[in-house]
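Chemist: predicted model, plus sequence, below.
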Amino acid sequence: MLKKGMKVAVLTGAGISAESGIRTFRAEDGLWEEHRLEDVATPQAWERDTEMVWRFYQERRRQLLEVDVNPAHDALVELEKGFGVDFTLITQNVDDLHVRAGSKRLIQMHGELRKLRCEECGHVCEAMEPEQLMEDYVPCSNCSNQRLRPHIVWFEEMPMGVWDYEAAVHDCDVFLVVGTSGHVYPASNLLPIARHTGSYCIGINLDPPLNVDYFHEFHQGKAGEILPEMVKEWLES
Ligand code: OAD
């Protein structure tokens, strides 16, 4: 299906990191079971209960030190090597597993757990030193603000890299979607856009996502098992 010279865009979600040991959001044992979405992932929650939101994200930031990439992350690196500038990876994931696997042409539309941001001066910094992963707030190194926020896109906030990911989706010949439930807009809208602009759409997911009808091809199962085989076939063809 996928041939050299074609443009390929890939959208990933929490499912691609599930086999690395990071829980997805909407599974029965998912994160939102313990924390209501509106308690942690909105600017209002940060205003109302800063300490709780901070603790929640610090826990998730510390977890990055305990997990590692899986064969699905590696397969996307191989795909990028094969397609070069014709490849774009868009992820909703805030973990750093695509980066650690070696993906380069990557748009992290929901932000990055590794980083913190100053709401006063806009400074963004990598903050993974042991003292930056504790319960205490982390001060800004660029101004007098004593409390940086997670560099995460919360509900009601604008995703990052919008122009770049929209261009990649409009432009691609093949759109591959891996491990996302299709619940969260605007990411969930990229599949209908790709379909309507003429891309061939392929999905890999453990359960059929909400927008499953937009795929030309849907493969149900684990990304770590299906994706490496699929990529190998494409690169050998
Ligand atoms: P969800 O938790 O909503 O969906 C994860 C999907 O992955 C589900 O449809 C599962 O069936 C599937 N899945 C689980 N294990 C899998 C595996 N091994 N292989 C393939 N698929 C698997 O997560 P997202 O759709 O990514 O936003 O959620 C979107 C956004 O909701 C997140 O980015 C997050 C949250 O609000 C932010 O953190 C800003």
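Modeler: Thanks, I have the structure now.
Chemist: contacts, neighbours, all on C-alpha from now
Modeler: OK.
Chemist: can you pull out the low-pLDDT segments for this protein?
Modeler: Residue ranges of the chain with pLDDT under 70: 29-33.
Chemist: for D207, give its distance to the ligand.
Modeler: Distance check for D207 against the ligand: by C-alpha to the nearest ligand atom, to the nearest Å, it reads 4 Å.
Chemist: which one is that residue nearest to, not counting chain neighbours?
Modeler: Nearest non-adjacent residue to D207, counting by C-alpha to C-alpha, 6 or more residues apart in numbering: Q220, 6.3 Å away.
Chemist: can you pull out the helices in this protein?
Modeler: 15-18, 31-34, 37-40, 43-48, 50-63, 71-83, 97-101, 162-171, 187-196, 223-236 (DSSP state H).
Chemist: deepest of those, which one?
Modeler: For the helices of the chain, average neighbour numbers computed from mean count of other C-alpha atoms under 10 Å are highest in helix 15-18, which has a mean of 24.
Chemist: mind listing what H151 touches?
Modeler: When contacts are counted by C-alpha atoms under 8 Å, 6 or more residues apart in numbering, H151 is found next to 111-117, 124.
Chemist: is it bridged to anything, and to what?
Modeler: On the basis of DSSP bridges, H151 takes part in beta bridges with E112.
Chemist: returning to what we had before: hang on, the residue nearest to D207 packs against N205?
Modeler: Yes - applying C-alpha atoms under 8 Å as the test, Q220 and N205 come out as touching, 5.3 Å apart.
Chemist: ok, these two, which is more surrounded?
Modeler: Each of Q220 and N205 had its neighbours counted (other C-alpha atoms under 10 Å), and the higher figure belongs to N205 (22 against 14).
Chemist: my read: that one touches G224, true?
Modeler: No - proximity of N205 to G224 does not meet the contact threshold set by C-alpha under 8 Å, at 10.4 Å.
Chemist: on that earlier part again, and the contacts of H151 as JSON lines, adding neighbour count and distance to the ligand?
Modeler: Converted to JSON lines, these look like this (neighbours: other C-alpha atoms under 10 Å; distance: C-alpha to the nearest ligand atom, whole Å):
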{"residue": "G111", "neighbour count": "22", "distance to the ligand": "7"}
{"residue": "E112", "neighbour count": "19", "distance to the ligand": "9"}
{"residue": "L113", "neighbour count": "22", "distance to the ligand": "9"}
{"residue": "R114", "neighbour count": "22", "distance to the ligand": "13"}
{"residue": "K115", "neighbour count": "18", "distance to the ligand": "14"}
{"residue": "L116", "neighbour count": "25", "distance to the ligand": "14"}
{"residue": "R117", "neighbour count": "21", "distance to the ligand": "15"}
{"residue": "V124", "neighbour count": "18", "distance to the ligand": "17"}
